[in-house]
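Sequence first, predicted model second:
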Amino acid sequence: MNETPAQGNGVDRPLSTARILTALSAIIVGAFMVMLDSTAMNVLLPRLMEEFAVSYTTVQWVVTGYLLAEAAVIPLAGWLSDRYGIKKVFLAGLGVFTVGSLSCAVSQDLAALIASRIVQGAGGGIIIPILFAYTYRLSPPERVGKIMGLVVLPIIAAPALGPVMSGLIVDHAAWNWIFAANVPIGIVAVWYGVRKLPAVEKQAASVLDKWGLLLGPLAFAALCFAVSEAEEGWGSARSAIALAVGGIALAAFIARQLRHEHPLLELRVFGSSAFARSIVVLWIAVFAQYGTLFLIPQILLHQTSFSAFETGLLMLPHAALAAVSNQIGGRLFDKVGIRPLALLGLILLAAGQYLLSRIDAATSALTIVAYISVVGMSVGFCITPLVTHLLKVSPQHLVNRVSSLSSATQQVVVSFSISGLAALLTGRSREHSADAAARHDVWASAFQDVLIVVILLTLLGAALSAWIPKPRPQ
């Protein structure tokens with residue numbers, strides 16, 4: 001193994017920016033694949049529903065299983081890096097993601113695909129936190145901001161390209177190629193990482209909370225399953241059992257985290273009223289934003305004549321406008337604070353959701369792009385500033401743990417958003433199908449019903465934005 005010594009925030013000698021980026025290439029490629037796969041599935045879901053003859057409630061586990069696996073391992077990334085070394089953990093994570101991709105590509109039924117996606121998520125959830133940690137450790141303090149800005153560019157681009165690439169494959173090839181394409185890239189990235197990633201000194205690892213590691217994923221997976229089964233009614237046996245198991249596991253997980261000296265998630269930060277109120281609004285914004293992103297390709301593929309590839313192209317402005325609004329929102333945050341920005345972002349999001357509810361077969365591509373752009377503009381005014389605000393209102397001795405907590409809980413919220421909206425969409429389409437008079441417009445009616453719920457939730461978040469406390473002067 002050819003290890004390259006380096007120097008930054010904990011290595012041997014300084015490297016140029018070009019050499020640092022070259023050394024980090026394997027991690028950047030891995031992070032790009034992870035982020036690409038996180039959005040590629042939304043366009044693929046209708047194809048999988050056809051292929052396996054299942055409903056949204058069932059097929060959404062292809063996305064939800066991936067997200068829950070990521071959420072489970074995100075808090076572990078730091079501990080594993082300290083215990084086994086950041087290079088070994090990254091290579092293991094990328095290896096697991098690549099094996100999961102191969103398994104997805106050869107899956108012959110939906111159950112195998114969902115299980116393989118969970119393996120993918122378990123590997124992918126480690127890669128993103130390690131990318132930031134590795135970049136920080138290798139970069140000289142005076143160049144951390146510059147190098148970090150360069151490193152995140154592929155991560156920003158990947159979610160926008162995911163629907164386009166998956167749409168192209170869905171229209172012209174077997175869906176398996178979406179996953180098969182990761183395999184050779186992953187193998188090359190692992191080989192390159194073994195040879196070129198610099199060795200970074202291990203740090204002392206704290207005691208791992210094994211019970212927390214078991215209870216957390218069990219609680220969130222069971223509760224997601226209960227939500228997804230709610231289309232049959234909360235009184236159904238499967239939903240009730242899952243809700244009971246999830247509730248008990250969640251209560252035990254919370255109790256464990258509050259008592260453990262080194263918890264996986266630092267829940268004691270919720271003792272700060274300012275933090276608790278801020279993160280509730282963030283969760284509503286994340287639920288509404290990512291729920292809308294889940295719905296957009298479903299609306300276009302069911303309500304219009306656009307192909308999967310064209311649907312992916314129509315979604316590109318969302319990422320572009322999100323990037324623009326992130327820059328504007330970041331500057332405004334320093335001047336006006338979080339309340340007016342969160343209110344503006346959530347009102348914009350609600351307006352975009354209302355416009356999406358008006359899409360039908362006659363809606364032009366230009367009009368759809370305008371509607372999606374409104375949703376994209378909302379991102380930089382609510383979600384990104386809210387994440388920044390969390391750090392400002394957190395107790396200073398817990399700031400280092402807030403990022404992991406925020407990332408993991410956002411993944412869980414996205415999982416609940418997709419599973420809940422998929423269940424609601426399935427339930428409403430079934431109810432409208434039973435009405436013979438409305439049968440020709442089943443999906444239009446179902447999407448409008450779901451969007452009304454999402455709009456009301458978004459407006460609730462807008463109202464609660466006035467409840468967000470201002471940070472105390474440092």
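That came through, no problem. Numbering: from 1, shown residues only.

what about the strands in this protein?
In the chain, no strands are defined using DSSP state E.

pLDDT below threshold where in the chain?
Scanning the chain for pLDDT under 70 picks out 1-16, 141-146, 148-149, 201-205, 230-235, 396-400, 435-440, 471-474.

So in it, which helix runs the longest?
helix 399-433 (DSSP state H).

wait, doesn't L457 sit right on V286?
No. Judged on C-beta atoms under 8 Å, L457 makes no contact with V286 at a distance of 11.1 Å. (C-beta placed from N, C-alpha, C; glycine too.)

With neighbour numbers in mind, choose between these two.
V286 (25 against 19; other C-beta atoms under 10 Å).

Closest to the centroid, which residue in the chain?
Q411 (5.1 Å; C-alpha atoms, centre = their mean).

That one: what's it in contact with?
Residues counted as contacts of Q411 (C-beta atoms under 8 Å, 6 or more residues apart in numbering) are 67-68, 70-71, 74, 125.

try 10 Å
Each residue near Q411 by C-beta atoms under 10 Å, 6 or more residues apart in numbering is listed here: 38, 66-74, 121, 125, 220, 286, 290.

Kindly indicate which of these lies nearest L153.
S38 (16.6 Å; C-beta to C-beta).

any idea how far that closest one lies from R430?
29 Å (C-beta to C-beta, to the nearest Å).

which of those two has more neighbours?
Shown here are S38 and R430; by other C-beta under 10 Å, S38 has more neighbours (23 against 15).

Against H262, how distant is the more buried one?
To H262, S38 is 29 Å away according to C-beta to C-beta.

Name the residues contacting each of L457 and V286.
Taking C-beta under 10 Å, 6+ apart as the contact rule, L457 and V286 both touch S417.

what sits against the spatially closest residue to F287 that is not a sequence neighbour?
Counting by C-beta to C-beta, 6 or more residues apart in numbering, F287 lies nearest to S417, which is 4.4 Å off, once chain neighbours are set aside. By C-beta under 10 Å, 6+ apart, S417 lies in contact with 64, 67, 227, 283, 286-295, 454, 457.

how close does S417 sit to L391?
Per C-beta to C-beta, S417 is found 23 Å from L391.

quick one on the thing from earlier: buried subset of the contacts of S417, written for PyMOL?
Restricted to buried positions by 16 or more other C-beta atoms under 10 Å, the PyMOL selection for the contacts of S417 reads:
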select buried, resi 64+67+227+283+286+287+288+289+290+291+292+293+294+295+454+457
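
Which one of the contacts of S417 is nearest to G271?
For the contacts of S417, the nearest to G271 is W283 (17.7 Å; C-beta to C-beta).

Excluding chain neighbours, what is closest to that closest one?
V413 (4.9 Å).

Kindly report the same for S429.
Nearest to S429 is A446, by C-beta to C-beta, 6+ apart, at 4.0 Å.

what's the neighbour count on that neighbour?
Close neighbours of A446, defined as other C-beta under 10 Å, add up to 24.

Let me know the distance separating G125 from L208.
Distance of G125 to L208, computed by C-beta to C-beta: 16 Å.

and the two? which has more neighbours close in?
G125 (28 against 15).

Is the more buried one in contact with E70, as I believe?
Yes. Between G125 and E70 there is a contact under C-beta atoms under 10 Å: 3.5 Å.

between the two, what contacts are shared?
Joint contacts of G125 and E70 (C-beta under 10 Å, 6+ apart) are 34, 407-408, 411.

Tell me the one among the contacts of Q411 nearest to L386.
V286 (8.7 Å).
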